[in-house]
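1. Sequence first, then the predicted structure, then my questions.
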Amino acid sequence: MSQSAARARVRLARERRPVLTVLAVAAYLIMIGPVIFVVAVAFTAGSTITFPPEGFSLRWFGAAADYGPFLDGLWTSLLVAAGATVIALAVGVPATLAIHRGRLPGRSVIQNLFLSPIVLPELVLGLALYQQLMVGLGVTASGVLLVGHTLLLLPYAVRVTGASLTLADPALEEAARGLGAGPVTTFFRVTLPVLRPGIAAAAVLGFVTSFNNVPLSLLLQGSGTATLPVAMLQYVQTSYDPVVAAVSVVLLAASVVVAVIAERLVGFNKIFGGIGS
Amino acid sequence: MMDGSDAVVRLAAVSRRFGDVTAVDGVDLAVPAGSLTALLGPSGCGKTTTLRMIAGYERPTAGQIFIDGRDATTLAPEKRNIGMVFQSYALFPHLTVAKNVGFGLKVRGVAREEIRTRVHAALELVGLSDLSGRRPRELSGGQQQRVALARAIAIRPSVLLLDEPLSNLDARLRVQMRAELARIQRESGITTILVTHDQEEALQLADQMVILDSGRVAQAGHPREIFPAPASRFVATFLGYENFLTLPGRGLVTIRPEHVEVLPESDPDPDGGQSRPGTISHITYRGTDSLVTLDVAGETVLAAVKDSDLREGTRVRAVFPDDHVVSLPS
Ligand SMILES: Nc1ncnc2c1ncn2[C@@H]1O[C@H](COP(=O)(O)OP(=O)(O)OP(=O)(O)O)[C@@H](O)[C@H]1O
Ligand SMILES: [Mg+2]
């Protein structure tokens, strides 16, 4: 965004303050309202989803921990999210470097290829993978799930690390070479450290995106490969009790922890600043 | 005088083409040990490209580059032992000032104790020894530049390359850093090539000035040789000779505005110079002097005069002293 545009926006915000304030408050209420509702319900002592909750207890957290599919789902989700994040970065970071620093012919084509999953409907992607890998090649359900999530995260890995690479001065690497560092030393001592905030941001974003994904996980689930969101979805289709609320609260708490750690590590403006550009 | 025998850097008919553009076109250059050579010229004349070829970031498409007498034309940058200060400084953002300055020594495998001593000495030289623990983003532009300079000097390079080192600084800091740069270069004795488009900078700092025009050397030599005797209209224009006129018996000549004298029209022709009658069409006050625009028989002549009692519209006599009139090839 250009500076003058930013300034114009600030001016606009100042002039229309009352309207903006009302809108902002309304937006927060709409966002936070359901969260408060879910948190309250999770701690209810009663056995139905009612608001306000009937008394206070931790019984639904206990029930959630005892429910096998949730634990299996959590494990699957964590494994898939971690695995997909690592693979997406392992493929995405070198691809980003090649796109931005290399002298590849047709690099915009390559870039678009890596970014395409972001515009492809997940259902289409899921169906294609299901057809080709699971049915066609006989890849296991967990394998396909991992591939699917990796494809889902690849654009984030390329985008976010690409953004921090664009911001980095290309002369840094030349300076390192001039000071006597060969290409390999330059990569490990300069390029990678300079990219570290971008890579960390891509990892957090990728992990959270995979962990929260429903459509792709739903389509690619096989026996024993339901992720936690899928297990929760299946649970609420048959039972209507506060267990799901309790799980949601745990996830919420985990998200807050991740967000705080991410903020400490790299800062939100870096994470989200990187996405726009 | 420049046979290149004691040259640290020597370019022999070096050219660099980018597609249809010839950025550098058959440049010959010898940089004597311990000297400061300034590459000077307007934007796009090939200064940066020349510097980058010496550093090894660009390959010449023709010609050869010798560093310390060795053919370095195709040598990788890390094998050249060259200290370059980039226009953007290119300090490593994730390293402290001391680690930045020590980077080149560390990758060369110099012992830790010696790195510490040499980093300290380099920071001392640029006057920044108390900021060694800071990160680049915690420094001002002028300080960042000193760090970049210290980092380049710490490796004891065969030659120090500076690409417009002062252009990112504000006017006052630029004058201060120019003096600093002269001191550091003198104290360290490092052979230096400086790229600039500021003729004043080159005149003050350089032992050798190389003026480039569209990738070719237009003129090279000591500032004291070049400044009073530009060899072409291009060089003259670049050095601030603003008057170009044809004088009887001398052909096309050039003269600086501060050397044109303005006398009353009735004065006789002075000795040792030619004069022309003209009219003052405009006067611009500039503080220490006034720039007088004269209409001399349809041609515009600029004169910088201290005298302030001149008036627009007055008939005067513009005098061109022979000592200051430079003949140009027409
Ligand atoms: N990598 C490149 N690809 C294509 N053309 C280039 C490249 N680098 C330089 N050029 C061209 O070569 C010519 C010389 O460029 P160079 O950067 O050397 O000029 P300069 O004298 O440093 O100019 P300035 O004072 O503006 O920095 C210009 O016409 C430029 O457009
Ligand atoms: Mg340049």
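-> Thanks, I have it. Ligands and ions are numbered 1, 2, ... in the order given.

2. going forward, measure contacts and count neighbours with C-alpha atoms only.
-> Will do.

3. check which helix or strand covers B:T288.
-> If you go by DSSP states H and E, B:T288 is not part of any helix or strand.

4. swap that for B:V31, please
-> Element membership for B:V31 (DSSP H and E) is strand B:21-32.

5. and that strand, what does it pack onto?
-> Helices and strands touching strand B:21-32, as assessed by 3 or more CA pairs under 8 Å, 6 or more residues apart in numbering or on different chains; DSSP states H and E, comprise strand B:7-18, helix B:47-55, strand B:216-221.

6. Can you give the strand pairings for that strand, parallel or anti for each?
-> Each strand paired with strand B:21-32, and its direction, by DSSP bridges: strand B:7-18 (antiparallel).

7. Confirm for me that B:K47 is in contact with B:D25.
-> No - the pair B:K47 and B:D25 fails to qualify as a contact (CA atoms under 8 Å) at a distance of 11.3 Å.

8. Looking at those two, which one has more neighbours?
-> Using other CA atoms under 10 Å in any protein chain shown as the criterion, B:K47 and B:D25 rank with B:K47 on top: 28 against 25.

9. Now do the same for stretch A:48-60: mean pLDDT, whole number.
-> Stretch A:48-60 shows a mean pLDDT of 80.

10. Buried residues, it. List them.
-> For stretch A:48-60, burial by neighbour count (16 or more other CA atoms under 10 Å in any protein chain shown) applies to A:49, A:53-54, A:59-60.

11. how far does it stretch from start to finish?
-> One end of stretch A:48-60 sits 11 Å from the other (CA to CA, to the nearest Å).

12. who's in contact with the closest residue to B:K306 other than its chain neighbours?
-> Of all residues not flanking B:K306 in the chain, B:D289 sits nearest, at 4.6 Å (CA to CA, 6 or more residues apart in numbering or on different chains). Contacts for B:D289 (CA atoms under 8 Å, 6 or more residues apart in numbering or on different chains) come out as B:304-308.

13. Wait, A:V190 touches A:E174, no?
-> No - if you go by CA under 8 Å, A:V190 and A:E174 don't touch, sitting 10.1 Å apart.

14. for chain B, which spans come out with low pLDDT?
-> Within chain B, the segments meeting pLDDT under 70 span B:1-5, B:308.

15. could you measure whichever residue of it sits closest to chain A against A:T186, distance?
-> Using CA to the nearest CA, the single residue of chain B nearest to chain A is B:E78, 4.0 Å away. Separation of B:E78 from A:T186 (CA to CA): 10 Å.

16. list the residues that contact both of those two?
-> Common neighbours of B:E78 and A:T186 are listed as A:R177 (criterion: CA under 8 Å, 6+ apart).

17. for B:T300, what are its contacts?
-> By CA under 8 Å, 6+ apart, the contact set of B:T300 is B:243, B:293-294.

18. Can you give the strand pairings for the helix or strand harbouring it, parallel or anti for each?
-> Per DSSP H and E: B:T300 is located in strand B:299-305. Next to strand B:299-305 in the sheet, as set by DSSP bridges, lie strand B:290-296 (antiparallel).

19. tell me which residues in the partner strand are buried?
-> B:290-296.

20. on that earlier part again, for A:V93, state which of the contacts of B:T300 is nearest.
-> B:N243 (58.6 Å; CA to CA).

21. quick one: the closest one from B:L328, how far?
-> As defined by CA to CA, B:N243 lies at a distance of 12 Å from B:L328.

22. okay, and the common contacts of B:K47 and B:D25?
-> Common neighbours of B:K47 and B:D25 (criterion: CA under 8 Å, 6+ apart): B:G215.

23. OK, contacts around B:R10?
-> B:4, B:28-31, B:65-67.

24. Neighbours of the residue nearest to it when sequence neighbours are not counted, how many?
-> Counting by CA to CA, 6+ apart, B:R10 lies nearest to B:A30, which is 4.5 Å off, once chain neighbours are set aside. Close neighbours of B:A30, defined as other CA under 10 Å, add up to 19.

25. quick one: secondary structure of the residue in chain A that chain B sits nearest to?
-> Residue of chain A nearest chain B, by CA to the nearest CA: A:G180 (4.0 Å). Under the three-state scheme (DSSP: H, G, I helix; E, B strand; the rest coil), A:G180 adopts coil.

26. List the pairing partners of the one helix or strand B:Q274 maps to within its sheet, with orientation.
-> Per DSSP H and E: B:Q274 is located in strand B:273-285. Pairing partners of strand B:273-285, with direction, according to DSSP bridges: strand B:290-296 (antiparallel), strand B:315-321 (antiparallel).

27. what's the closest of the contacts of B:R10 to B:R216?
-> B:D28 (8.9 Å).

28. give the contact list for the closest one.
-> Contacts for B:D28 (CA under 8 Å, 6+ apart) come out as B:10-14, B:217.

29. And A:Q132, how far from B:L11?
-> Distance, A:Q132 to B:L11, by CA to CA: 60 Å.

30. Settle it for me: which of the two has more neighbours?
-> Neighbour totals were compared for A:Q132 and B:L11, and B:L11 leads with 24 against 14 (other CA under 10 Å).

31. Bridge partners for the more buried one, pull those for me.
-> Taking DSSP bridges as the rule, B:L11 bridges to B:L29, B:I65.

32. Who are the contact partners of it?
-> B:27-30, B:63-66.

33. Quick check: of the residues you listed, which lies closest to B:Y57?
-> Distance ranking of these against B:Y57, using CA to CA, places B:I65 first at 12.7 Å.

34. Let me see the contact set for the closest one.
-> Counted by CA under 8 Å, 6+ apart, B:I65 has contacts B:9-12, B:14, B:54, B:71-73.

35. OK, contacts around the closest residue to B:T61 other than its chain neighbours?
-> Nearest residue to B:T61, sequence neighbours excluded (CA to CA, 6+ apart): B:R16, at 4.9 Å. B:R16 makes contact with B:22-25, B:49, B:59-62, according to CA under 8 Å, 6+ apart.

36. any idea which of these has the most stuff around it?
-> Using other CA under 10 Å as the neighbour test, the contacts of B:R16 are led by B:V24, with 29 neighbours.

37. Settle this for me: it is touching B:T48, isn't it.
-> No - between B:V24 and B:T48 there is no contact under CA under 8 Å: 9.7 Å.

38. what would the contacts of B:L11 look like in JSON lines with distance to A:G73?
-> As requested, the contacts of B:L11 are exported to JSON lines (distance: CA to CA, whole Å):
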{"residue": "B:V27", "distance to A:G73": "70"}
{"residue": "B:D28", "distance to A:G73": "72"}
{"residue": "B:L29", "distance to A:G73": "71"}
{"residue": "B:A30", "distance to A:G73": "72"}
{"residue": "B:G63", "distance to A:G73": "67"}
{"residue": "B:Q64", "distance to A:G73": "66"}
{"residue": "B:I65", "distance to A:G73": "65"}
{"residue": "B:F66", "distance to A:G73": "66"}
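
39. ok, those residues vs B:R116, which is closest?
-> B:F66 (31.9 Å).

40. Can you name the residues that contact that closest one?
-> Counting by CA under 8 Å, 6+ apart, the residues that B:F66 touches are B:8-11, B:72-73.
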